[in-house]
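In: Sequence plus predicted model, see below.
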Amino acid sequence: QVQLVESGGGLVQPGGSLRLSCAASGSIYSINVMGWYRQVPGKQRELVAADITRGGRTDYADSVKGRFTISRDNAKKSVYLQMNSLKPEDTAVYYCHATVRSNWRDSFAAYWGQGTQVTVSS
């Protein structure tokens, strides 16, 4: 099994910054995608940012481009989300996501963290 543990959420004023962290542990042979999604009550979970090993690219939601930056430390099996210039509409539960292969014979499987609340309010 694979576990994703997030940290770094909290309450911040509009215009402020937060940094989310997520560390993967467990039965890991390789990781392809590591990224962040967010969800507000009554809406679907949406992609915020993703770092994709295969293809060597990063993807961002249009609403966060220029404000959020995703980074990854493969040695630590960790992904980070630096969020700057936060807006009230960024308020959501943020979920870490990863696609992991547990051994060389397996296909990649998707895993999710437990979620961390980010609230942007004055």
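Out: Noted; the coordinates are in hand.
In: Nearest residue to the residue positioned nearest the centre of the chain in space, please, no chain neighbours.
Out: In the chain, the residue lying closest to the centroid (CA atoms, centre = their mean) is Trp36, at 2.3 Å. Nearest in space to Trp36, with sequence neighbours left out and distances taken as CB to CB, 6 or more residues apart in numbering, is Val48 at 4.4 Å. Backbone N, C-alpha and C define where each C-beta goes, glycine included.
In: do Ser27 as well
Out: Once flanking residues are discounted, Ser27 sits nearest to Ser102: 4.3 Å by CB to CB, 6+ apart.
In: who's in contact with that neighbour?
Out: Counting by CB atoms under 8 Å, 6 or more residues apart in numbering, Ser102 makes contact with 2, 26-29, 109.
In: Quick one: the strands in this protein, in order.
Out: Taking DSSP state E, the strands of the chain run over residues 2-7, 10-12, 18-26, 30-39, 46-52, 57-60, 68-73, 78-83, 92-101, 109-112, 116-120.
In: what's near enough to touch the residue nearest to Trp36?
Out: 35-38, 60-61, 64, 68, 81, 94.
In: hmm, back to that, what's the closest of the contacts of Ser102 to Gly115?
Out: Val2 (16.1 Å; CB to CB).
In: Quick check, pLDDT for that closest one.
Out: With respect to pLDDT, Val2 scores 96.
In: Count the neighbours of it for me.
Out: Around Val2 sit 19 other residues, with neighbours defined as other CB atoms under 10 Å.
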